[in-house]
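**Q** Sequence first, then the predicted structure, then my questions.
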Amino acid sequence: MKIVVCVKHVPDAAADRTFADADHTVDRSGVDGLLSELDEYAVEQALTIAEASDDAEVTVLSVGREQAADAIRKALQMGADKGVHVSDEAVHGSDAIATSLVLAKAIEKLDYDIVLCGMASTDGEMGVVPAMLAERLGIAQVTLGSELAVEGSTVRIRRDGDVSTETVEASTPAVVSVTDQTPEARYPSFKGIMAAKKKPVESWALADLDVDPDQVGLAAAWSSVSATQKRPPRTKGQIVTDEGEGGAQLVEFLAAQKFV
Amino acid sequence: MTEILVLVDHVDGAVRKPTFELLTLARRLGEPSAVFLGSGSEQAKDSLAGYGAEKVYVADDPAFGDFLVAPKAEALAQLVESASPAAVLIPSSTEGKEIAGRLAIKIESGLITDAVDIVAGADGAPETTQSVFAGNHTVTASVTKGTPIITVKPNAVTPEQATGAASVETFDVTISDAAKTARVVERKERKATGRPELTEASIVVSGGRGTGGNFEPIEAFADSLGAAVGASRAVVDSGWYPHSYQVGQTGKTVSPQLYVAAGISGAIQHRAGMQTSKTIVAVNKDDEAPIFELVDFGVVGDLHKVLPQATGEVNKRKG
């Protein structure tokens, strides 16, 4: 059972994230980055599946600048077996379409039964790359699972949609994505941290993937940002302490705002 | 004629409100043609006409219900190739975004997701607004290649009634074997609660850890205001309320007229899901809860006392 987990190194959501003035891309330098919290669930599921199979291997894949190596390292510390880091200047400013192209080409160079992803990145928050990967790789899309089970060559998820809950099943190979409703990711153990130092991480550039620089990057993107603007902070309103009339005061406020 | 395709989000023909919002936005850009995939189009036609659909393209195939996302993406791509619309608008539902993602690759067109507004740009092409980084930044963007595909968040606009011809045009689709790989083996519809849907409601009352699992005060207050009920991630993780009610970065993002947060501390996770609400009110025992930085009005107190009193007051005023 060979699993490729796709992870992204993203700016810390708790920090003040912003855009680079020059080209409106996400500022990845000014803010500390880390392995996307939502991708941790994917790593956890990959490790859980691997532990239940006899001959499993988990490869963690990331497309990103130098710092993305930190995301790969964390996944290796959690227990993944090897890493692949695709890093190329030309990728800067890529849209989801180009990102999915690079990921797909990298995945095609690897041996895989399951491609595991998180439900969305915490910076772009589009949630479309897993579906795009399935489209590009021509394999089953089994996405947004809140529960995942793998039995032999069958993957099955419980998918909680807007109006219904579905059970979706497919044979491998498949692209699978999991939500934050799946079990919390394990913390790397001390043993895991030490073992990670010896695990192999390959570094690939676009040339290794047979991807033309013209197909990726800001200039190649199929959409363009013309402006970004920081929203003015909300001004703090009135706060009262409940001394027996708090509820009534709340309703007075609502009435003044015509909600009641 | 500038034709704008709008993918209809429906449950067996019952059209969901965000579709009407998309038809309203489509009218800013050109003439809306609704695209109805699946069964029940007879039922949907009148409501689509009532919000300005000039045409309703209809295709039905068992694959739409039997297999996840891929067949619908294929059908939509086939329609786009034959109709050559000026843009495609899709609701930002769970499957909507995935259909849009696959469509973008199939028809080699740019994709913008989770638009909160669309206007006709200088050259008539759609210009979108997105609210990003937990609502702290807005982004203005447009598609530069192919047929713009835009997914739109609920409550982007108030739906405007308009009379459309809604002339039905059935189209044939060929679903490939490759699209029939992820099988939906079971589907359970969620029961209607009688309360407004979370992403569509103009008032939301949410409960957090401070409820201690007892949502009665939240529900009663919500009902007095005709509001939807929401929940924080802590509540969902504790199993007190289903995930479909979760407001936050990994749940639903809402932007109602009024958001009431009770027993919710206001961690960034949660704020990401609600901080663009027009009016925000909070009740929390902790006067240092971060939520109070966002509020237009706040009560430091026990929600188990404050909310029942508030509910009583509202009901008294309603007479």
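**A** Right, received. Where do you want to start?
**Q** quick one: low-confidence ranges for chain A?
**A** Counting by pLDDT under 70, chain A has no low-confidence residues at all.
**Q** Look through it and tell me its longest helix.
**A** Among the segments of chain A that qualify as a helix by DSSP state H, the longest is helix A:37-52.
**Q** Contacts for that helix next, please.
**A** Applying Cβ atoms under 8 Å, 6 or more residues apart in numbering or on different chains, the set of residues contacting helix A:37-52 from outside is A:1, A:3, A:5-8, A:13, A:35, A:56-58, A:60, A:71, A:75, A:78-80, A:114, A:116-122, A:148, A:150, A:176-180, A:182-186, B:250. All C-beta spots, glycine's among them, are computed from the backbone N, C-alpha and C.
**Q** helices and strands around the helix or strand just after it, which ones?
**A** From helix A:37-52 onward toward the C-terminus, using DSSP states H and E, the following helix or strand is strand A:57-63. The helices and strands touching strand A:57-63, judged by 3 or more Cβ pairs under 8 Å, 6 or more residues apart in numbering or on different chains; DSSP states H and E, are strand A:2-6, helix A:37-52, helix A:68-78, strand A:82-86, helix A:96-108.
**Q** what angle do the longest one and strand A:57-63 make?
**A** Looking back up the chat, that one is helix A:37-52. Helix A:37-52 runs at 160 degrees relative to strand A:57-63, counting by axes from the mean of the first three to the mean of the last three Cα atoms, to 10 degrees.
**Q** how many neighbours does residue A:227 have?
**A** 11 (other Cβ atoms under 10 Å in any protein chain shown).
**Q** Over to the one 5 residues further on?
**A** The burial count assigned to residue A:232 is 6, neighbours taken as other Cβ under 10 Å.
**Q** Residue A:17 versus that one, what's the distance?
**A** Here residue A:232 is placed at a distance of 17 Å from residue A:17 (Cβ to Cβ, to the nearest Å).
**Q** nearest residue to residue 163 other than its sequence neighbours?
**A** Assuming you mean chain A. Ranked by Cβ to Cβ, 6 or more residues apart in numbering or on different chains and with sequence neighbours excluded, the top spatial neighbour of residue A:163 is residue B:11, at 5.4 Å.
**Q** The intended chain is chain B.
**A** Of all residues beyond its chain neighbours, the one nearest residue B:163 is residue B:49 (6.8 Å), with distances taken as Cβ to Cβ, 6+ apart.
**Q** does the one you found really touch residue B:168, like I thought?
**A** No: with contact taken as Cβ atoms under 8 Å, residue B:49 and residue B:168 are classed as non-touching, separated by 10.1 Å.
**Q** Quick check on the contacts of helix A:37-52: which are buried?
**A** Buried by 16 or more other Cβ atoms under 10 Å in any protein chain shown: A:1, A:3, A:5-8, A:13, A:35, A:56-58, A:60, A:71, A:75, A:78-80, A:114, A:116-122, A:148, A:150, A:176-180, A:182, A:185, B:250, out of the contacts of helix A:37-52.
**Q** For the closest residue to residue B:67 other than its chain neighbours, list the residues it contacts.
**A** In this structure, residue B:67 finds its nearest non-sequential neighbour in residue B:180, 4.9 Å apart by Cβ to Cβ, 6+ apart. Under the criterion of Cβ under 8 Å, 6+ apart, the neighbours of residue B:180 are B:63, B:66, B:67, B:70, B:71.
**Q** try residue B:308
**A** Residues counted as contacts of residue B:308 (Cβ under 8 Å, 6+ apart) are A:247, B:217, B:220.
**Q** what's the answer for residue B:299, then?
**A** By Cβ under 8 Å, 6+ apart, the contact list for residue B:299 reads A:239, A:240, A:241, A:242, A:246, A:247, A:249, A:250, B:282, B:283, B:284, B:306.
**Q** Repeat the analysis, applying 10 Å as the threshold.
**A** Applying Cβ atoms under 10 Å, 6 or more residues apart in numbering or on different chains to residue B:299 gives the contacts A:238-242, A:245-247, A:249-250, A:253, B:262, B:281-285, B:292, B:305-307, B:309-310.
**Q** Quick one: mean pLDDT for the longest helix belonging to chain B?
**A** In chain B, assigned by DSSP H, the helix with the most residues is helix B:303-318. Confidence over helix B:303-318 (mean pLDDT, whole number) is 97.
**Q** for stretch B:202-218, same thing?
**A** 97.
**Q** Can you tell me the element residue B:146 falls in?
**A** Residue B:146 is part of no helix or strand when elements are defined by DSSP H and E.
**Q** Show me what residue 58 is bridged to.
**A** The chain I'm using is chain A. With beta bridges defined as DSSP bridges, residue A:58 has these partners: residue A:3.
**Q** not quite, I wanted chain B
**A** Taking DSSP bridges, one obtains residue B:36, residue B:170 as the residues bridged to residue B:58.
**Q** How about the contacts made by it?
**A** By Cβ under 10 Å, 6+ apart, the contact list for residue B:58 reads B:8, B:34-42, B:44-45, B:168-171.
**Q** Show me the helices in the chain, by range?
**A** I'll assume chain A. Using DSSP H, helices in chain A cover A:37-52, A:68-78, A:96-108, A:129-137, A:190-196, A:206-209, A:246-256.
**Q** Switch to chain B, please.
**A** If you assign secondary structure with DSSP H, the helices in chain B sit at B:17-29, B:41-49, B:62-66, B:70-83, B:94-106, B:216-225, B:233-237, B:268-271, B:303-318.
**Q** Where is the longest strand in the chain?
**A** Unless you meant another one, I'm taking chain A. Longest among the strand segments of chain A by residue count, using DSSP state E, is strand A:140-151.
**Q** was after chain B, sorry
**A** Looking across chain B with DSSP E, the single longest strand is strand B:111-120.
**Q** and the angle for that strand with helix A:96-108?
**A** Between the axis of strand B:111-120 and that of helix A:96-108 there is an angle of 170 degrees, by the same axes, to 10 degrees.
**Q** Strand B:111-120 packs against which elements?
**A** Contacting strand B:111-120 under the criterion 3 or more Cβ pairs under 10 Å, 6 or more residues apart in numbering or on different chains; DSSP states H and E are the following elements: helix A:96-108, strand A:223-230, helix B:17-29, strand B:87-91, helix B:94-106, strand B:126-132, strand B:137-143, strand B:149-152.
**Q** Using a markdown table, lay out the ones you listed together with distance to residue A:192.
**A** Compiled in a markdown table, the helices and strands packed on strand B:111-120 are given as follows (distance: least, Cβ to Cβ, whole Å):
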| stretch | distance to residue A:192 |
| --- | --- |
| helix A:96-108 | 24 |
| strand A:223-230 | 39 |
| helix B:17-29 | 44 |
| strand B:87-91 | 42 |
| helix B:94-106 | 34 |
| strand B:126-132 | 34 |
| strand B:137-143 | 37 |
| strand B:149-152 | 39 |
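**Q** so which of these gets nearest residue B:271?
**A** Each of the helices and strands packed on strand B:111-120 was scored for nearness to residue B:271 using Cβ to Cβ, and the closest is strand B:126-132 (12.4 Å).
**Q** If you count contacts, what does the closest one end up packed against?
**A** Packing partners of strand B:126-132 (3+ Cβ pairs under 10 Å, 6+ apart): strand A:223-230, helix B:17-29, strand B:111-120, strand B:137-143, strand B:149-152.
**Q** Excluding covalently adjacent residues, which one is nearest to residue B:238?
**A** The spatially closest residue to residue B:238, leaving aside those adjacent along the chain, is residue B:213, at 6.7 Å (Cβ to Cβ, 6+ apart).
**Q** and the one you found, how far is that from chain A?
**A** Taken as Cβ to the nearest Cβ, to the nearest Å, the spacing of residue B:213 relative to chain A amounts to 18 Å.
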